[in-house]
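In: Please find the sequence and the predicted model below.
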Amino acid sequence: MRMSAERTISRPAGDVAEFFFDASNNPKWQKGMISCEWVSEPPIRVGSTYAQLARFMGRDVRSTFVVTDFEPGRSIRIETIESTFPIQVERSVEPIDESSSRVSAEITGGPDGGLMKMLSPLMAGRAQKSVDNDYDRLVQLLES
């Protein structure tokens, strides 16, 4: 599966990046995200890891992620190192002007086996809708 999102946020890019790249904020704007905690010590850098528990389509999904690329204030790439739903996520923030920015994300991956893998073509639309709703919540949260 491949999902993507792009939104404009009326906040400076630095403020947005600080919130957007910190995985511990994910439960604040991603529906179904139950918990998300950094395992490694700050600051965020290549090799940093975090663990999360999410609920997707009625199932708990436990995952551990590693940061594989990080440009502070600009972009982060993460991928699962342990999960029943392996994914790769690329997030970026770019300034539009002093008081607004554009966020974008590309998410690829999906279930690694069983019934969920067989259903992944049917899940793709639902997953994209979920991502769209999450990014709408991100805008609302950061602009409030």
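Out: In hand now; what should we look at? These numbers come from a predicted model, not from an experiment.

In: which stretches of the protein form helices?
Out: Taking DSSP state H to define them, one finds helices in the chain at 13-20, 26-29, 114-118, 120-143.

In: other SSEs contacting the first one?
Out: In this case it means helix 13-20. Counting contacts by 3 or more C-beta pairs under 8 Å, 6 or more residues apart in numbering; DSSP states H and E, helix 13-20 is packed against strand 87-97, strand 100-109, helix 120-143. C-betas here are computed from N, CA, C, even on glycine.

In: least reliable of the ones you listed going by mean pLDDT?
Out: Looking over the helices and strands packed on helix 13-20, mean pLDDT reaches its minimum on helix 120-143, with a mean of 88.

In: Summarise which helices and strands that one is packed against.
Out: Using 3+ C-beta pairs under 8 Å, 6+ apart as the contact criterion, the elements in contact with helix 120-143 are strand 2-9, helix 13-20, helix 26-29, strand 100-109.

In: starting at the chain centroid, how far to the third one?
Out: Relative to its chain's centre, helix 26-29 lies at 9 Å (C-alpha atoms, centre = their mean, to the nearest Å).

In: residues of it that come out buried?
Out: If you call a residue buried by 16 or more other C-beta atoms under 10 Å, then helix 26-29 has these buried ones: 26-27, 29.

In: hey, C-alpha coordinates of the longest strand along the chain in CSV?
Out: Secondary structure of the chain read by DSSP state E shows that its longest strand is strand 59-71. Provided in CSV are the C-alpha atoms of strand 59-71 (Å, rounded to 0.1, in the frame of the first residue of the first chain):
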residue,chain,number,x,y,z
ARG,A,59,-6.6,-5.1,15.7
ASP,A,60,-3.7,-4.0,17.9
VAL,A,61,-0.6,-3.3,16.0
ARG,A,62,2.6,-3.1,18.0
SER,A,63,5.6,-1.7,16.2
THR,A,64,9.1,-0.6,16.8
PHE,A,65,10.6,2.1,14.5
VAL,A,66,14.0,3.4,13.7
VAL,A,67,15.0,6.8,12.3
THR,A,68,16.9,6.0,9.1
ASP,A,69,17.3,9.6,7.8
PHE,A,70,16.9,12.9,9.6
GLU,A,71,17.5,16.5,8.6
